[in-house]
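A.B. asks: When you get a sec, could you give me coordinates for this:
(one chain, ligands or ions: 1)
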Amino acid sequence: MKNVIERMEENQSAKKIADFHVKQQQPYQFKRDYAEIRAQEFYNHPEINGNCYVAVGGLDSITLYLFLHSIGIKVPAVSVSFLEDKSIQKVHRALGVVCLKPALREDGTRWTKARVIKECGFPVLSKEIANKIALLQHPSEKNATVRHAIITGETGAYGGYRKGTRMKLAKKWLEKFGGYENEREGTNYGIPDFLVSDKCCYYLKEKPCNDYARETGLFPYMGLMASEGGRRQKALMLNGCNYISKGTKRSAPFAIFQRQDVLELALEMDKYYLAHRAEFNPDPSQWVDTIVPAIYGEIVRDPVRMDLTETLKYVERYGALPVGQLRTTKAQRTGCSMCGFGIHLEKRPHRFDRLRQENPREWEYQMYHIGVDINGNEIGWGHVLDYIGVGWRDDPFERTDKPEGWL
Ligand code: SF4
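C.D. replies: Numbers count the residues shown, from 1 in each chain. Take a look at the predicted model:
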């Protein structure tokens with residue numbers, strides 16, 4: 001049974017989330033103005049005092065960086081650029097983004113993706129799931145309650161005896177990865193012969209940014225949007241754009257944006273960049289013709305698909321003519337090229353299929369050699385994909401009977 005305080009907290013959270021949804025449904029101009037106000041508030045907060053930077057990756061955060069610049073918030077942009085697609089790196093150079101290196105290891109060398117995979121495990125499924133599997137694979141007395149919750153959803157005495165919590169791993173993945181707790185839980189789940197880990201993001205992305213922030217005393221602006229889902233969605237809804245606590249200070253001015261809003265703003269910022277490119281990089285040889293990296297293709301607007309009656313109804317309701325949806329003609333989203341996060345949700349030809357076509361030697365290395373199993377034998381992504389039931393052995397680009405939608 002929940003006590004009064006818990007019920008009050010739940011009500012407050014529900015109200016915050018409802019308010020957030022209302023803001024998400026507002027027109028573009030409202031959200032743009034709102035982002036500007038929140039960004040300025042963060043910049044001018046007495047605990048921030050203008051000491052900020054922008055964490056830059058793909059199109060969303062590139063747009064954020066330019067947007068901040070356009071409203072007078074001229075702060076440095078940093079990125080672990082080498083993890084991104086070459087076309088994104090090119091835009092980063094044009095914008096004068098500071099390139100960070102992966103975190104240092106104890107021996108003074110730097111982490112690489114292959115080293116993380118070999119020593120910590122494969123980043124597969126999602127960051128959240130990988131973290132749970134890693135906990136099962138590294139049991140300790142300290143994490144016993146969490147492991148129990150991962151298998152059963154029950155939080156035990158420490159977590160107030162809650163049941164059916166989101167801690168529980170989905171049945172499909174319990175079947176594959178839950179076997180480490182078979183004896184304790186009386187289950188009969190499987191155990192893989194390889195390690196899984198969420199440390200890759202940590203060593204290659206998060207730690208370098210955290211180290212930069214610590215060394216410079218700067219606080220980040222981030223291009224996060226709740227509409228993108230993921231593990232930060234709820235936190236963004238509850239905390240809003242700006243979060244300033246003792247341990248964490250960050251601003252996510254696009255928190256209420258939808259994909260359409262960020263694409264609309266990217267088009268605006270493209271023009272802004274062309275008018276100000278020398279301010280970002282004085283070297284004309286580094287300039288680009290567009291801030292939309294080639295991997296995304298172009299931002300285009302689809303035609304409106306409404307007949308006359310629907311159009312009239314729309315005008316009556318919104319007082320303006322309908323406009324088509326914006327989209328990028330190639331990638332909708334990008335991330336590190338060879339990563340297992342989200343691979344189980346991707347249709348074929350998936351990222352590994354595309355790599356096979358673009359760079360067969362790299363593909364072979366990734367599929368057969370990039371990691372090791374628990375006995376130290378060389379394995380690659382192929383072994384992991386087989387285990388989670390994702391196809392990769394056949395080459396979809398070579399098929400003559402390509403189903404609709406295949407390239
Ligand atoms: S997104 Fe994937 S490959 Fe990139 S750093 Fe994170 S885990 Fe590693």
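
A.B. asks: Put the alpha carbons of stretch 320-328 into CSV.
C.D. replies: Listed next in CSV are the C-alpha coordinates belonging to stretch 320-328 (Å, rounded to 0.1, in the frame of the first residue of the first chain):
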residue,chain,number,x,y,z
ALA,A,320,-4.0,28.6,-41.4
LEU,A,321,-3.4,26.4,-44.4
PRO,A,322,-2.0,22.9,-43.6
VAL,A,323,1.7,22.3,-44.3
GLY,A,324,3.3,19.0,-45.2
GLN,A,325,5.5,17.0,-42.8
LEU,A,326,9.2,17.6,-42.8
ARG,A,327,11.6,14.6,-43.1
THR,A,328,15.2,13.9,-44.0
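
A.B. asks: What residues of it count as buried?
C.D. replies: Judged by neighbour count (16 or more other Cβ atoms under 10 Å), stretch 320-328 contains these buried residues: 326, 327, 328. (Each C-beta comes from the backbone N, C-alpha and C, glycine too.)

A.B. asks: can you check stretch 9-22 too?
C.D. replies: Of the residues in stretch 9-22, those buried (16+ other Cβ under 10 Å) are residue 20.

A.B. asks: correct me, but residue 338 touches residue 367?
C.D. replies: No: the pair residue 338 and residue 367 fails to qualify as a contact (Cβ atoms under 8 Å) at a distance of 9.8 Å.

A.B. asks: picking that back up, adding secondary structure, write the buried residues of stretch 320-328 out as a markdown table.
C.D. replies: Formatted as a markdown table, the buried residues of stretch 320-328 follow (DSSP: H, G, I helix; E, B strand; the rest coil):
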| residue | secondary structure |
| --- | --- |
| 326 | strand |
| 327 | strand |
| 328 | strand |
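
A.B. asks: circling back: who touches both of residue 338 and residue 367?
C.D. replies: 352, 381 (Cβ atoms under 8 Å, 6 or more residues apart in numbering).

A.B. asks: Which positions in the protein make contact with the ligand?
C.D. replies: 83, 113, 123, 200, 201, 204, 205, 335, 336, 339, 341 (Cβ under 6 Å from any ligand atom).

A.B. asks: okay, the residues you listed in JSON lines with secondary structure, pLDDT and neighbour count next?
C.D. replies: Shown next, in JSON lines, are those (DSSP: H, G, I helix; E, B strand; the rest coil; pLDDT from 0 to 100; neighbours: other Cβ atoms under 10 Å):
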{"residue": "83", "secondary structure": "helix", "pLDDT": "88", "neighbour count": "20"}
{"residue": "113", "secondary structure": "helix", "pLDDT": "92", "neighbour count": "19"}
{"residue": "123", "secondary structure": "coil", "pLDDT": "96", "neighbour count": "27"}
{"residue": "200", "secondary structure": "helix", "pLDDT": "93", "neighbour count": "28"}
{"residue": "201", "secondary structure": "helix", "pLDDT": "90", "neighbour count": "20"}
{"residue": "204", "secondary structure": "helix", "pLDDT": "94", "neighbour count": "24"}
{"residue": "205", "secondary structure": "helix", "pLDDT": "91", "neighbour count": "19"}
{"residue": "335", "secondary structure": "coil", "pLDDT": "74", "neighbour count": "16"}
{"residue": "336", "secondary structure": "coil", "pLDDT": "77", "neighbour count": "19"}
{"residue": "339", "secondary structure": "coil", "pLDDT": "90", "neighbour count": "17"}
{"residue": "341", "secondary structure": "strand", "pLDDT": "92", "neighbour count": "19"}
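
A.B. asks: For residue 247, give its distance to the ligand.
C.D. replies: Per Cβ to the nearest ligand atom, to the nearest Å, residue 247 is found 22 Å from the ligand.

A.B. asks: one step back: quick one: which of the residues of the chain next to the ligand is nearest to residue 99?
C.D. replies: residue 83 (10.3 Å; Cβ to Cβ).

A.B. asks: Can you tell me how far that closest one is from residue 398?
C.D. replies: Residue 83 is 29 Å from residue 398, where distance means Cβ to Cβ, to the nearest Å.

A.B. asks: Likewise for residue 117?
C.D. replies: Taken as Cβ to Cβ, the span from residue 117 to residue 398 is 28 Å.

A.B. asks: now do residue 144
C.D. replies: Residue 144 is 49 Å from residue 398, by Cβ to Cβ.

A.B. asks: With neighbour numbers in mind, choose between the two.
C.D. replies: Higher neighbour count among residue 144 and residue 398: residue 144, with 14 against 9, using other Cβ atoms under 10 Å.

A.B. asks: domain assignment for this protein?
C.D. replies: Split into domains by automatic domain parsing, the chain comes to 4-103+203-286, 124-185, 342-398.
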